[in-house]
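Q: test case, fold it:
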Amino acid sequence: MTSETPQLLNRSKVHKEFKAKTPEAQQTINAMLQVLDAAGIPLGYLTGRRLERVALAVLACGDIKTVGDFKKAKTKAHRYELRTRDIIEYINEHYGENISRGSYDDIRRKDLELPVLGGVVMKSKDAADPNNPTRGYTLDAEFAALLAAYGTTGWSDAVETYARTHTLLRDRLEPLGQKKVTVIENAEQLVEQIHTVLGTGPHNELIVQIITEFLPRYGYGAKVLYVGSATERFLYRDDTTFAELGFPVISRDTELPDVVAYSSEKNWLYFIEAVHSFGPISPARLLKLEQLAKQSNVAGVVYVTAFLDIDTFGIWLRKKEIAWESEVWIAENPSHMVHMDGVKFLGPFKTLDVD
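A: Below is the predicted model of the structure:
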């Protein structure tokens with residue numbers, strides 16, 4: 001299981017339908033999400049409601065009403081399969097939903113899309129027309145075996161075996177993104193310092209994600225030169241490297257973003273702003289940082305605004321405050337970035353070979 005295992009109960013933006021469910025139903029949904037995550041289904045970019053709907057659809061496909069049913073999940077061998085309308089009826093009856101029967105196409109196109117692509121849910125008629133109302137869905141037998149191991153002493157071994165014997169959807173999608181390639185110097189000490197001095201709030205956790213997830217992917221061996229926040233301006237500062245790069249003395253009047261890093265391999269400076277509730281790198285902010293960077297001898301500057309999730313990114317995107325010619329990184333989908341322009345990267349991309 002990854003460190004980003006979805007837990008709806010712990011999310012700040014839980015949908016009202018989830019809150020209205022019984023604790024047992026909430027537990028069952030979260031448990032299914034954990035197993036789907038272990039089976040390599042990439043869930044990090046989905047909204048809270050979509051996570052819930054995906055879990056519910058898969059639960060229906062295995063005739064699972066509680067976590068206790070994981071051990072007896074049904075598959076094709078049990079002659080069990082549900083059509084999309086049957087799935088809606090199952091969810092409504094057993095999980096207190098009120099999904100319209102007319103939403104059957106959402107089950108296929110949205111709720112079951114990733115589980116089917118990832119091979120945890122099987123279609124009864126692969127060659128049938130996509131809209132064929134007789135097509136049913138059921139759990140894959142090997143995924144059902146993984147479900148049966150959930151909560152037992154053999155869970156870790158079962159997850160390891162499943163990952164070794166299957167090509168996980170997460171791994172099939174990962175080549176399109178950027179994997180971690182370097183280890184950031186002093187990362188562990190910096191993270192410990194952030195947690196000890198700043199605490200574990202959303203903004204501070206985003207700073208941690210920048211150091212442990214963003215820079216190993218995009219930093220080209222970058223060295224962290226500065227970490228700060230509104231409450232602690234100079235949590236960490238490498239005055240020696242700043243001086244070597246030609247910067248003037250960094251003082252409290254110097255308006256630095258939350259994280260500054262430097263790649264000697266590229267001779268690039270990274271200005272990274274962690275945004276939870278306060279501003280991204282705006283056009284005015286970028287101009288000020290450009291003026292600061294001109295005093296150095298770096299070859300180029302990378303301006304990055306980091307967000308915890310896509311929802312927060314969407315809020316600031318609609319406000320039109322993110323500067324052009326800057327980058328956006330979203331922690332819940334760490335292997336991809338958004339470039340705020342088009343011409344620089346315009347061109348065909350490698351297509352995904354989907355079975």
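Q: can you count the residues close to Lys288?
A: 12 (other C-beta atoms under 10 Å). Where C-beta positions appear, they are placed from N, C-alpha and C, glycine not excepted.
Q: swap in His166?
A: Quick note: His166 (other C-beta under 10 Å) scores 18 neighbours.
Q: might one say that it is in contact with Ala38?
A: No. Contact criterion C-beta atoms under 8 Å: His166 and Ala38 do not qualify, at 11.0 Å.
Q: looking at this structure, which helix or strand is least sure?
A: helix 169-173 (a mean of 84; mean pLDDT, DSSP states H and E).
Q: pull out the buried positions in that one.
A: Using 16 or more other C-beta atoms under 10 Å as the test for burial, helix 169-173 gives 169-170, 172-173.
Q: please export the alpha-carbon coordinates of it; CSV is fine.
A: What follows is helix 169-173, C-alpha atoms only, in CSV (Å, rounded to 0.1, in the frame of the first residue of the first chain):
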residue,chain,number,x,y,z
LEU,A,169,-2.3,0.1,-13.7
ARG,A,170,-0.4,2.6,-11.7
ASP,A,171,2.9,1.3,-13.2
ARG,A,172,1.4,1.4,-16.7
LEU,A,173,0.5,5.0,-16.3
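Q: give me the distance from that helix to the chain's centre.
A: Relative to its chain's centre, helix 169-173 lies at 13 Å (C-alpha atoms, centre = their mean, to the nearest Å).
Q: all helices for the stretch 251-355 of the chain, in order.
A: In the stretch 251-355 of the chain, the helices defined using DSSP state H, counting those that start in this stretch lie at 283-293, 310-318.
Q: of these, which is nearest Tyr104?
A: Between Tyr104 and those, the shortest gap by C-beta to C-beta is with helix 310-318, which sits at 26.5 Å.
Q: tell me where the stretch 201-350 of the chain has strands.
A: Secondary structure of the stretch 201-350 of the chain (DSSP state E, counting those that start in this stretch): strands at 223-227, 236-237, 259-263, 268-275, 300-307, 327-330, 337-339.
Q: which other helices and strands does the fifth one contact?
A: Strand 300-307 sits against helix 202-209, strand 268-275, helix 283-293, helix 310-318, strand 327-330, with contacts defined as 3 or more C-beta pairs under 8 Å, 6 or more residues apart in numbering; DSSP states H and E.
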